[in-house]
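Visitor: need coordinates for the below:
(2 chains)
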Amino acid sequence: MSDSNPNLAASDKPMIEMRQVHKWYGQFHVLKDIDLSVQKGERIVICGPSGSGKSTMIRCINRLEEHQRGQIIVDGTELTDDVKNVDQIRREVGMVFQHFNLFPHLTVLENCCLAPIWVRKMPRREAEQIAMQYLEKVKIPEQAKKYPGQLSGGQQQRVAIARSLCMNPSIMLFDEPTSALDPEMIKEVLDTMIELAESGMTMLCVTHEMGFAKTVANRVIFMDGGEIIEQNEPEEFFNNPQSDRTKLFLSQILEH
Amino acid sequence: MSTHTPHPDLSPPITNVGVIGWLRTNLFSSWPNAILTFAAAFVILATIPPLIEWAFIKADWVGDSRDACTSGGACWVFVGVRMNQFMYGLYPEAEYWRINLAAVLIVVLMIPLFIERFRWKLWLGLFILVGYPIIAFFLFSGGILGLEYVETSRWGGLTLTLVLASVGMAASFPLGILLALGRRSTMPIVKSVCVVFIEFWRGVPLITVLFMSSVMLPLFLPEGTNFDKLLRAMIGIALFQSAYMAEVVRGGLQAIPKGQYEAAQALGLSFWKSMGLIILPQALKLVIPGIVNTFIALFKDTTLVLIIGLFDMLATIEAALADPNWLGYAIEGLTFAAFVYWVFCFSMSRYSMALERKLHTGHSR
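Guide: Model prediction:
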């Protein structure tokens, strides 16, 4: 594993540790022997053809999917059937979805305040202050009183990012955050993500935005058929891919 | 180079606007339509004026015996004379004020729920659901604070109809939600219990349920145990309707995209919190028409308690029709019954539509 940022090597315990993780959907072997270790502050981009298991892998980290063999340890807590551990981890891990998944019956502000109030037991006023702070950070404080249905896709995704940040997570997972957006809205979401990356957040991002990978990631992971085929620093990864499968994939997405 | 003079706005052809335009597009747009229009006009003219004449113009309104009915139209005197029974059944006349008080109380309690700025709606709603029934029960049955004891067999008329309907609604709604959640549960025992419960109660007619509750249940209970017939009917109606409610709610739950569940989970919300804060508010909003449908059916089904000897409004009207002094006024009695049921059901329907509009926050996931 290569680490482009030298101070990261200092932190000894990894934020996320996956050891020989396997998962099956019925008979179908989706994740095969995944070994992955993510240090604090690392920004990882995961790419690969559809059906390669990349979404499933990051969804295992906050147990939206259950792994059946192996170990996943997030910030010192192992994911087991113990509900307490799962709750603990979900509080630390924020997630942004392809289809935003905002709560349409609540205003933008209520969307952001909900989890801090009901999960972190924060007083409403404090939660609202924090929510406004993050809405300013994603540059849509003026939409706070609106409902998600009244916003554009890009705005909704930024709200979704703010909503996750309100829980003050130490890890953020992005599951194809720009795939459902119109082209002119992708940039505003990527800008928000870049800003977040610059603030030192640990990020795992499933995306096909190779520009984003080049500018932001410390590591790019290529998955296919449920396995991690290759991982490297972005420069090495794009200029000097090792496996044939990676080369083929890169040629398909970069040349058109 | 020629300059462009904008074309002036002209008024549309006379045949497209105004009364003539409206008639053309709505009533006479084609030959079949024109024929239908004339047929409908004929039916309306043939039925409505005689009905109005019978119900209002030639009707008798005041009096205290059938001798007052001389005009040949509807004899509303019959309904007027029997009104107290229709409303209160066999409840002692001196104690009517207790029912009236309960009615006024519920109306007063409900008013703030319609005020936009009122802040304690949730608590008030809970009080109406939990506290008010207790107050109303003691007001109705008495036996405390020097109130005369009135046994439930003397409750009747519209009062009984409303008591049965509101208890049925208030009990079947939460029970139905729990059953719906249970049926979607991943825990096999919870799931099968709920499925069996729902399929059993949906599979038997309400009349059977009521018969069983009043005739068969006492056979199985140890001798000497005797619990109230009205209570048994209420439980029967509540369990029966909760099975229907469960399926309506389940429809709503299934319409909520999986992403909503995932987002709630990812934020760390527990099962009950994500249900209560995220899933149910959306699911129930979606199925308001179905819920109200079930409520309206429940309201009208309360008339079936007649067969186990409870005197709801329709039963008191039936009884009045058999009065030798008032033979031959069945049409007036039944028209009145239909009108009262219609008023309540139509109000529920309008309220639900208003609620749907109010809760509409724009679509999208």
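Visitor: how about the helices in the stretch 251-365 of chain B?
Guide: B:258-266, B:271-273, B:280-286, B:288-301, B:313-321, B:330-359 (DSSP state H, counting those that start in this stretch).
Visitor: how about the stretch 101-250 of chain B?
Guide: B:121-126, B:132-141, B:157-183, B:188-203, B:206-211, B:217-220, B:229-255.
Visitor: which of those helices sits closest to B:Ser349?
Guide: helix B:157-183 (14.3 Å; Cβ to Cβ). For the C-beta atoms, the positions are set from N, CA and C on the backbone; glycine is no exception.
Visitor: next, the angle from the closest one to helix B:313-321.
Guide: If you take axes from the mean of the first three to the mean of the last three Cα atoms, to 10 degrees, helix B:157-183 sits at 150 degrees to helix B:313-321.
Visitor: buried residues, helix B:157-183. List them.
Guide: Residues of helix B:157-183 classed as buried by neighbour count (16 or more other Cβ atoms under 10 Å in any protein chain shown): B:157-173, B:175-177, B:179-183.
Visitor: what does stretch B:220-240 give?
Guide: Buried residues in stretch B:220-240 (16+ other Cβ under 10 Å): B:Lys229, B:Leu230, B:Arg232, B:Ala233, B:Met234, B:Ile235, B:Gly236, B:Ile237, B:Ala238, B:Leu239, B:Phe240.
Visitor: how about the last one, what does it touch?
Guide: The contact partners of B:Phe240, taken as Cβ atoms under 8 Å, 6 or more residues apart in numbering or on different chains, are B:Ser172, B:Trp201, B:Val204, B:Leu206, B:Val209.
Visitor: so which of the residues you listed reach chain A?
Guide: When contact is defined as Cβ under 8 Å from any Cβ of the partner chain, the contacts of B:Phe240 do not meet chain A at all.
Visitor: got a winner among the residues you listed for most neighbours?
Guide: Highest neighbour count within the contacts of B:Phe240, by other Cβ atoms under 10 Å in any protein chain shown: B:Ser172, with 25 neighbours.
Visitor: returning to that earlier point: which one of the helices of the stretch 101-250 of chain B lies closest to B:Leu23?
Guide: Per Cβ to Cβ, nearest to B:Leu23 of the helices of the stretch 101-250 of chain B: helix B:229-255, 41.8 Å.
Visitor: partners of the closest residue to A:Ala217 other than its chain neighbours in the sheet?
Guide: The shortest distance from A:Ala217 to any non-neighbouring residue, by Cβ to Cβ, 6 or more residues apart in numbering or on different chains, is to A:Val45 (4.2 Å). Per DSSP bridges, the residues bridged to A:Val45 are A:Cys205, A:Val220.
Visitor: could you give the number of residues near A:Val45?
Guide: Other residues close to A:Val45 by other Cβ under 10 Å number 26.
Visitor: same deal with A:Gln150?
Guide: Neighbour count for A:Gln150, taken as other Cβ under 10 Å: 15.
Visitor: can I assume A:Phe174 is in contact with A:Thr202?
Guide: No. With contact defined as Cβ atoms under 8 Å, A:Phe174 does not count as touching A:Thr202 (11.7 Å).
Visitor: who are the contact partners of the residue nearest to B:Ala255 when sequence neighbours are not counted?
Guide: Distances taken as Cβ to Cβ, 6+ apart put B:Leu286 closest to B:Ala255, at 5.4 Å, once the chain neighbours are dropped. With contact taken as Cβ under 8 Å, 6+ apart, B:Leu286 is in contact with B:Gly251, B:Gly252, B:Ala255, B:Ile256.
Visitor: how about the residues you listed in TSV, adding neighbour count and pLDDT?
Guide: Output for the contacts of B:Leu286, formatted as TSV (neighbours: other Cβ atoms under 10 Å in any protein chain shown; pLDDT from 0 to 100):
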residue	neighbour count	pLDDT
B:Gly251	14	94
B:Gly252	21	94
B:Ala255	11	93
B:Ile256	17	93
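Visitor: ok, of those residues, which one's closest to A:Asn168?
Guide: B:Ile256 (27.5 Å).
Visitor: tell me how far that closest one lies from B:Met169.
Guide: The gap separating B:Ile256 from B:Met169 is 24 Å, by Cβ to Cβ, to the nearest Å.
Visitor: just give me the neighbour total for residue 250.
Guide: If you meant another chain, say so; for now it's chain A. A:Leu250 has 17 nearby residues by other Cβ under 10 Å.
Visitor: meant chain B, my bad for not saying
Guide: 22.
Visitor: do the same with A:Lys139
Guide: Using other Cβ under 10 Å: A:Lys139 sits among 15 other residues.
Visitor: do the one 10 residues further on as well
Guide: For A:Gly149, the tally of surrounding residues (other Cβ under 10 Å) stands at 15.
Visitor: from the buried residues of stretch B:220-240, which one has the minimum pLDDT?
Guide: Among these, B:Lys229 has the lowest pLDDT, at 82.
Visitor: contacting residues for the closest residue to that residue other than its chain neighbours?
Guide: Counting by Cβ to Cβ, 6+ apart, B:Lys229 lies nearest to B:Ser214, which is 5.9 Å off, once chain neighbours are set aside. Counting by Cβ under 8 Å, 6+ apart, B:Ser214 makes contact with B:Lys229, B:Arg232, B:Ala233, B:Ile308, B:Gly309.
Visitor: circling back: any idea how far the residue nearest to B:Ala255 lies from B:Leu253?
Guide: From B:Leu286 to B:Leu253 the distance is 9 Å (Cβ to Cβ).
Visitor: returning to that earlier point: please report how far the residue nearest to B:Ala255 lies from chain A.
Guide: 10 Å (Cβ to the nearest Cβ, to the nearest Å).
Visitor: my guess is A:Thr56 contacts A:His22, does it?
Guide: No. Under the criterion of Cβ under 8 Å, A:Thr56 is not in contact with A:His22, lying 11.2 Å apart.
Visitor: so A:Arg163 is in which element?
Guide: helix A:153-165 (DSSP states H and E).
Visitor: ok, residues contacting whichever helix or strand comes after that helix?
Guide: As assigned by DSSP H and E, the chain's next helix or strand after helix A:153-165 is strand A:171-175. Contact with strand A:171-175 is made by A:15-16, A:38, A:55, A:58-59, A:61-62, A:74-75, A:92-98, A:164-165, A:193, A:196, A:201-207, as judged by Cβ under 8 Å, 6+ apart.
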